[in-house]
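K.L.:
For reference, the sequence and a predicted model appear below.
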Protein chains: 2
Amino acid sequence: MDLINERLAALRARMREAGTDVYVVTSGDFHCSEYVSACFRAVCFISGFTGSAGTAVITPDKALLWTDGRYFIQAERELAGSEFELMRMAVKGVPTVTEYLADCLRDGQTLGFDGRIVSLKLAEEWSEKLKEQGKSVSFKADRDLLGEIWTERPAQSFHDAFLLPEKYTGESAADKLSRLREKLQEKKADAFVLSAMDDIAWLFNLRGDDVPNNPVVFAFAFVDAGQAVLYLRTDVINAEVRAALEKQGVTLRPYEEFWKLTLSDKTVCLLDPAKTSFLVGTGIPNRIAAVNPTTLMKCVKNPTEQAALRESHRRDGIAMVKWLYWLKHHPAPETLSEIDVSDFLEKCRREAGAFELSFGTIAAMGPNAAMMHYSAKPEQYSMIEKKGFLLVDSGGQYPDGTTDITRTVTMGPLSDKQKRHYTAVLKSMMRLAGAKFLKGCTCYFLDILARGPVWDLGIDYRCGTGHGVGFCLNVHEGPNGFRWAKPASVDGLVELEPGMVTTDEPGVYLEGEYGIRIENELLCVEKEENEYGQFLGFEHLTLCPIDLEPVIIEALSPEERRDLNAYHAMVFERLCGGLSEEEAAWLKEITKPV
Amino acid sequence: MDLINERLAALRARMREAGTDVYVVTSGDFHCSEYVSACFRAVCFISGFTGSAGTAVITPDKALLWTDGRYFIQAERELAGSEFELMRMAVKGVPTVTEYLADCLRDGQTLGFDGRIVSLKLAEEWSEKLKEQGKSVSFKADRDLLGEIWTERPAQSFHDAFLLPEKYTGESAADKLSRLREKLQEKKADAFVLSAMDDIAWLFNLRGDDVPNNPVVFAFAFVDAGQAVLYLRTDVINAEVRAALEKQGVTLRPYEEFWKLTLSDKTVCLLDPAKTSFLVGTGIPNRIAAVNPTTLMKCVKNPTEQAALRESHRRDGIAMVKWLYWLKHHPAPETLSEIDVSDFLEKCRREAGAFELSFGTIAAMGPNAAMMHYSAKPEQYSMIEKKGFLLVDSGGQYPDGTTDITRTVTMGPLSDKQKRHYTAVLKSMMRLAGAKFLKGCTCYFLDILARGPVWDLGIDYRCGTGHGVGFCLNVHEGPNGFRWAKPASVDGLVELEPGMVTTDEPGVYLEGEYGIRIENELLCVEKEENEYGQFLGFEHLTLCPIDLEPVIIEALSPEERRDLNAYHAMVFERLCGGLSEEEAAWLKEITKPV
């Protein structure tokens, strides 16, 4: 940990030299991405914390790292021995980053951060809170102090991009642009600036490989009534792609030129402060703040996408069953490591047509699974054991969809507590999946269905119950997602709409003991419409048997039992055609009604 | 219905004479009450609709009445034959009153209403919407046109008031005032104007009889750092009450003097726009809008109140069981009318110490129960039948609490559908009551637990799942209440706190067929606190057996069955001491575990 402390010393020297009293390093890149490529892993560089979400605050005498419940155990280990103090987000008594900054900064001081990376929304939040406390603090956002000390920082690397065919997307870029322009008119905006790479990929039906596991392209976009400008490294597309984009009415400009975009104060420009950097946002004089309309359009999958998703999930399910069969029939599973099982699963998935994984596979044996986002590394992993649970959370990127699935697999004897906890998690997952509700219901409103059976145990999983999933895109996308935390505004109450895809992944995580999670992707679908309104419900997109060995059958309600049996019958019916005779026979056996 | 059309003609004549284009009549009184005394039943006078919540809009050629789902069936019947058109609130395609006004009023026109009755919030909503549409409409709020034509309007009548002793309230008026002043300081308010009668009753530990079933006193209050002025008819209190109030630091002033209250624009005055009339509100130049702090204090019952509630609910439960025993053992129930069963129940309740009912008893046989707020009248009632369901929703006002309970009683053979629906309603009630949740959860978040089993049938009860209940006060009080409609702002997301009392009353209502509702009052209580936070749950305050005859036992989940048996065991244990030997033996029998 000397390395981290050395880096802190170097950063503090720069801070003194730049007249910066406090410096903040956030996760993210120029596009406010959740997952980033290597050159943007600044939080990891300065703190050693490798999770996807963290914020480091460095003062002359303190170094603090905030992260959320998914990463508490991991962050504790990774920060141990360094000067960094862990700040557990959403835990009672722990201030937020904003509260901490407002508290520690003194009137007249200077707050430094990389304005290309911190979102406009976050910076505005800091600024409001400081104002509220009557403190005048200047922001120094035009200098990347961390970059200056990160001598071996990798370069931003750009990869080839390709067009996703309309047989998968179901809508041309031109049509999407025309719908987008209608939305802009509704919002009385003349123009729209878009930094979010997944929205750009969706809007232009373009995919790439610029962030690991996320098939996005480093790009910005500017759209008004007359033009749709796509800023990207022109060497990443070939002549065919270029011609096809231009045919859709798209103007291409070099990536770096975006930084020079200037708008007059007569142009009312819509932008999403949470998805636009401070530097880009403050450079636009006349702006309307709103969630990116592309985000709201993208999250509702059209019928073509829905059909494609059913097909990609079928192949993904076959991969999962082949892998499960291999694991359950392995003569000596104790000779396998977590990495071996991940690798075999990746192999199955690639055979099913995945061109990439949708995130680094989490294969966590025993207590490792208590870390929700555990990742086995060549230098540190566990062997599979013939007892307890193996938790595997994984997914693939297919041209016809993105998958995300978790199964917790019994590897040997289980304690009664493990069985009770597994049963509760199964009930949680099935209850939410089985919900029927009137249109107008929000994701927030349904969360208790999943959380209830775990809360009944006096336990909480410290994360959302589920997140939106992209289509051949990022495995995490908004605005839908099941959460219980009271949102800051009613905009956070997102109504479920037919076509939305959201994961359903409750869990139980006991530090030092084990972790249990069962995750299916759910497609919101229409049920009957009657005098009460339009009823909605969910269809399981994920097709994969759920291990029944740990289930206490008597603890299931009649509805849970009915839904579980119906799900298993569907899994068998949809998958058996892609399996060998032995695999199919085994699947038949483990999906028998209970 | 000629009478209604005559009244409309008279009102329109006044409108023409006053230069008013559209006139609105809302339910409510000078105190923005939900339930009102006879002289304020203006909506009923003009439209014939007798429900508690309605808004009439009269234009030169249209007469419209808005009401909510509880009253659709009733309103349809009551408006039939008159010019009035029913506007079903929250039904797809039906505009709100505000939307309708904004649409029908033309630029330059005049909107009339009684500014002493319409809330500031509602009038502001109209005004904003009109502005949004670019229409300039003047408000004429200082003339009660409806009052002018209502020649036989009863006078506002004032009744004796009394002090509720501290052994029930648990806190003196002086202590409440001092806590209130702290809240005002937090909000940076110099003063507070309070119109809501239930808040006034709570704040001053004063009760009366000025609104049927609501033990409140016509009064206003003004509180600042130096004084607490209570405006009430001085002849309603005796010398003893007067002296006791003055000892608590209260200044008494005549009721009518409140209308002359003037504040300088230097006095920052807090008021609740939803609970203050347009005339009072706009008369205060410098105001902060917020929910009445008294409302937020009142809804959390203190330990003394909680203990008193347990005791009053015990006696109320004994009254219910005595009544049920009588009904179930009656040699010829078919000779009884709905009014007879109500009367006998009232007798039982008064013997249990109720000084008043908390609302007019709903005793609804068969299809009558499909009207959620049905009320049998001497001129129109049904006889009890030896088949189907009798729904009885009732409650008492006790010095030590207010009760509200619904039971649906099997009177004879039931169809399978009736059994399925009854079982779903029981599941709904028990699921919500059995919830365990982390502090920070909102009422809104939990509603699906009750609504789910009814939605699963493709049915909705068109109302909230439950409402807050006062302490020897109004049977409906805010801010807590279980709802599913997305609130207009996050203020509508009310966090549950230990000490809150909320009803849990899901139902199934099929027009022309039957109605089913099971209602218990729930007290929010603390459960374990651990590393995940403070868990909360509910305690059943209501103690009364639930008819098990219609229950399809196999349809209950293990948890529902466990909770039902535990509830019934508690009911027997707590009530048996107050029953005759025969009644106790019968109660033992019907509360046996299933």
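P.N.:
Sure, I can see it. Quick caveat: nothing in here was measured; it's all calculated off a predicted structure.

K.L.:
how deep is the closest residue to chain B within chain A tucked in, by neighbour count?
P.N.:
Closest residue of chain A to chain B, Cβ to the nearest Cβ: residue A:557 (3.1 Å). Every C-beta, even on glycine, is put in place using the N, C-alpha and C of the backbone. Residue A:557 has 20 neighbours, counted by other Cβ atoms under 10 Å in any protein chain shown.

K.L.:
how near is it to residue A:571?
P.N.:
Look at residue A:557 and residue A:571: by Cβ to Cβ, to the nearest Å, they are 21 Å apart.

K.L.:
which residues in the stretch 451-594 of chain A form helices?
P.N.:
Using DSSP state H, counting those that start in this stretch, the helices of the stretch 451-594 of chain A run over residues A:558-575, A:581-590.

K.L.:
Need the ones you listed in JSON lines (columns: mean neighbour count, mean pLDDT and distance to residue B:354).
P.N.:
Putting the helices of the stretch 451-594 of chain A into JSON lines (neighbours: other Cβ atoms under 10 Å in any protein chain shown; pLDDT from 0 to 100; distance: least, Cβ to Cβ, whole Å) gives the following:
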{"stretch": "helix A:558-575", "mean neighbour count": "17", "mean pLDDT": "97", "distance to residue B:354": "40"}
{"stretch": "helix A:581-590", "mean neighbour count": "15", "mean pLDDT": "98", "distance to residue B:354": "60"}
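
K.L.:
and the ones you listed as CSV, adding distance to residue B:458?
P.N.:
Shown next, in CSV, are the helices of the stretch 451-594 of chain A (distance: least, Cβ to Cβ, whole Å):
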stretch, distance to residue B:458
helix A:558-575, 15
helix A:581-590, 33
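
K.L.:
Can you say which of these is nearest to residue B:537?
P.N.:
Nearest to residue B:537 among the helices of the stretch 451-594 of chain A is helix A:558-575 (21.6 Å), distances taken as Cβ to Cβ.

K.L.:
How far off centre is that closest one?
P.N.:
28 Å (Cα atoms, centre = their mean, to the nearest Å).

K.L.:
Would you mind writing the CA trace of that helix as PDB?
P.N.:
Output of helix A:558-575 as PDB, limited to C-alpha atoms (Å, rounded to 0.1, in the frame of the first residue of the first chain):
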ATOM      1  CA  PRO A 558     -49.500 -21.900  -3.700                       C
ATOM      2  CA  GLU A 559     -48.800 -19.100  -6.200                       C
ATOM      3  CA  GLU A 560     -45.000 -19.300  -5.900                       C
ATOM      4  CA  ARG A 561     -45.200 -23.100  -6.400                       C
ATOM      5  CA  ARG A 562     -47.500 -22.700  -9.400                       C
ATOM      6  CA  ASP A 563     -45.300 -20.000 -11.000                       C
ATOM      7  CA  LEU A 564     -42.100 -21.900 -10.300                       C
ATOM      8  CA  ASN A 565     -43.500 -25.000 -12.000                       C
ATOM      9  CA  ALA A 566     -44.800 -23.000 -15.000                       C
ATOM     10  CA  TYR A 567     -41.400 -21.400 -15.300                       C
ATOM     11  CA  HIS A 568     -39.600 -24.700 -15.200                       C
ATOM     12  CA  ALA A 569     -42.000 -26.200 -17.800                       C
ATOM     13  CA  MET A 570     -41.300 -23.300 -20.100                       C
ATOM     14  CA  VAL A 571     -37.500 -23.600 -19.600                       C
ATOM     15  CA  PHE A 572     -37.600 -27.200 -20.600                       C
ATOM     16  CA  GLU A 573     -39.800 -26.700 -23.600                       C
ATOM     17  CA  ARG A 574     -37.900 -23.800 -25.000                       C
ATOM     18  CA  LEU A 575     -34.400 -25.200 -24.400                       C
END
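
K.L.:
How about residues contacting it?
P.N.:
A:314, A:317-318, A:321, A:426-427, A:430-431, A:433-434, A:540, A:543-546, A:553, A:556, A:587-588, A:591-594, B:456, B:554-557 (Cβ atoms under 8 Å, 6 or more residues apart in numbering or on different chains).

K.L.:
how close does residue A:384 get to residue A:391?
P.N.:
Taken as Cβ to Cβ, the span from residue A:384 to residue A:391 is 12 Å.

K.L.:
So the two - more neighbours on which side?
P.N.:
Using other Cβ under 10 Å as the criterion, residue A:384 and residue A:391 rank with residue A:391 on top: 28 against 22.

K.L.:
what sits against the more buried one?
P.N.:
Residue A:391 is in contact with A:362-364, A:369, A:406-409, A:515-517, counting by Cβ under 8 Å, 6+ apart.

K.L.:
repeat that for 10 Å
P.N.:
For residue A:391, the contacting residues are A:338, A:362-366, A:368-372, A:374, A:406-409, A:507, A:509, A:514-518, by Cβ atoms under 10 Å, 6 or more residues apart in numbering or on different chains.

K.L.:
can you check residue A:178 too?
P.N.:
Going by Cβ under 10 Å, 6+ apart, residue A:178 touches A:172, A:228, A:249.

K.L.:
you'd agree it is in a helix?
P.N.:
Yes. When DSSP: H, G, I helix; E, B strand; the rest coil is applied, residue A:178 is found to be in a helix.

K.L.:
are any of the contacts of helix A:558-575 buried, and which?
P.N.:
Neighbour counting by 16 or more other Cβ atoms under 10 Å in any protein chain shown classes A:314, A:317-318, A:321, A:426-427, A:430-431, A:433-434, A:540, A:543-546, A:556, A:587, A:591, B:456, B:555-557 among the contacts of helix A:558-575 as buried.

K.L.:
Any regions of the stretch 351-500 of chain A where pLDDT drops low?
P.N.:
Nowhere does the stretch 351-500 of chain A drop to pLDDT under 70.

K.L.:
try it again with 90
P.N.:
A:371-374, A:462, A:488-492 (pLDDT under 90).

K.L.:
Of the contacts of helix A:558-575, which belong to strands?
P.N.:
residue A:540 (DSSP state E).

K.L.:
Name the SS class of residue A:349, please.
P.N.:
Assigned state for residue A:349: helix (three-state reduction, three-state DSSP).

K.L.:
Tell me the residues of the stretch 301-450 of chain A that contact chain B?
P.N.:
Applying Cβ under 10 Å from any Cβ of the partner chain, one finds that the stretch 301-450 of chain A approaches chain B through A:427, A:431-432, A:434-442, A:444-449.

K.L.:
Next, the contact list for residue A:162, please.
P.N.:
A:205-209, A:215, A:217, A:236-238, A:240-241, A:399.

K.L.:
Columns neighbour count on top of those residues, output as a markdown table?
P.N.:
Formatted as a markdown table, these follow (neighbours: other Cβ atoms under 10 Å in any protein chain shown):
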| residue | neighbour count |
| --- | --- |
| A:205 | 23 |
| A:206 | 26 |
| A:207 | 23 |
| A:208 | 23 |
| A:209 | 21 |
| A:215 | 27 |
| A:217 | 26 |
| A:236 | 20 |
| A:237 | 22 |
| A:238 | 12 |
| A:240 | 10 |
| A:241 | 17 |
| A:399 | 19 |
